[in-house]
Each structure stands twice: as structure tokens, then as C-alpha cells.
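>>> only geometry, no sequence info:
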């Protein structure tokens, strides 16, 4: 079982991603924006992988990823894989994610990323 954080503000995608991951036996938690995602990470040190949208209110996916990968408060997550989901205006290195994809991904993509980065 992998502990997953999904940071996504669109209710349909948020619920779908979490349901898919939980159905496959993983422990998926969700946040509806980057601020809420950071709050979860501050309290939960068991997350193994993060999936994040780019365009979100309060703290967008770029700022969320940058904080997770560089802020000493989240040092335990510096090496965690972050998968960017959606149309990103940045190169993945600039966005500080390990992989980025379009929103129209296949369900098996989630399983492939978890297998690639966590198992």
C-alpha cells in the first residue's frame, strides 16, 4: 500500500483520482488547493507520492511543488515524487516535478507512476 496525496481543485477529478487509488488498495488523501496540501504534509509524514494540479486557488501547483521541494519545513519530502497533472506552462524541471502529464490521462497511468516511483 502506498500513501498518496492528491492536490486537485476540480471536484470531478479530485473524487475520481482518490476513488481509483483507494480502490486499488492505496491510501489516498485529498486537498482542494496547495495550501490545504501543505497543511496535510505538515501533519502527516507517511505520504509516499503526490499528484498535483497546476491551476488552483490560494497556492497553485507550481508554488506548492516549489515549497515542498525547497522549504526546510518540508525537508522530509524533498525526495518525494511529485506528479504534475494538467496543462503546465513550465518545463518539469522548472516546476520541480518528477513527471508531468495532461489532464486526460489513463487510469493505468496512476498505477504506472506508483510502481515506477514507490515500489
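Happy to help now that I have it. Not measured: the values here are computed from a predicted model. Residues are numbered from 1 along each chain as shown.

>>> all contacts plus neighbour counts: C-alpha atoms, from now on.
OK.

>>> so residue 57 is in which element?
Per DSSP states H and E, residue 57 falls between elements, in no helix or strand.

>>> what sits against the residue nearest the centre of the chain?
Against the mean C-alpha coordinate of the chain, by C-alpha atoms, centre = their mean, the closest residue is residue 51 at 2.1 Å. By C-alpha atoms under 8 Å, 6 or more residues apart in numbering, the contact set of residue 51 is 4, 5, 6, 7, 82, 83, 84, 85.

>>> top of these by neighbour count?
Per-residue neighbour counts (other C-alpha atoms under 10 Å) across the contacts of residue 51 peak at residue 7, which has 31 neighbours.

>>> quick check on that one: phi, psi?
In terms of degrees, to the nearest 10, the main-chain angles of residue 7 are phi -110, psi 110.

>>> would you check that it makes contact with residue 38?
No - with contacts counted by C-alpha atoms under 8 Å, residue 7 stays clear of residue 38, the gap being 9.5 Å.

>>> returning to what we had before: so the residue nearest to the centre of the chain is in which element?
Per DSSP H and E, residue 51 falls inside strand 49-53.

>>> mean confidence score for the next helix or strand along the chain from that strand?
Remark: after strand 49-53, the chain's next helix or strand is helix 61-70, criterion DSSP H and E. Helix 61-70 shows a mean pLDDT of 88.

>>> do stretch 28-36 as well
The average of the pLDDT scores along stretch 28-36 is 94.

>>> endpoints of that stretch, how far apart?
The first and final residues of stretch 28-36 sit 15 Å from each other (C-alpha to C-alpha, to the nearest Å).

>>> tell me how far it lies from the chain's centre.
How far stretch 28-36 lies from its chain's middle: 9 Å, per C-alpha atoms, centre = their mean, to the nearest Å.

>>> could you number the chain from 48 rather than 1 from now on?
Will do, 48 is the new start, and the previous item becomes stretch 75-83.
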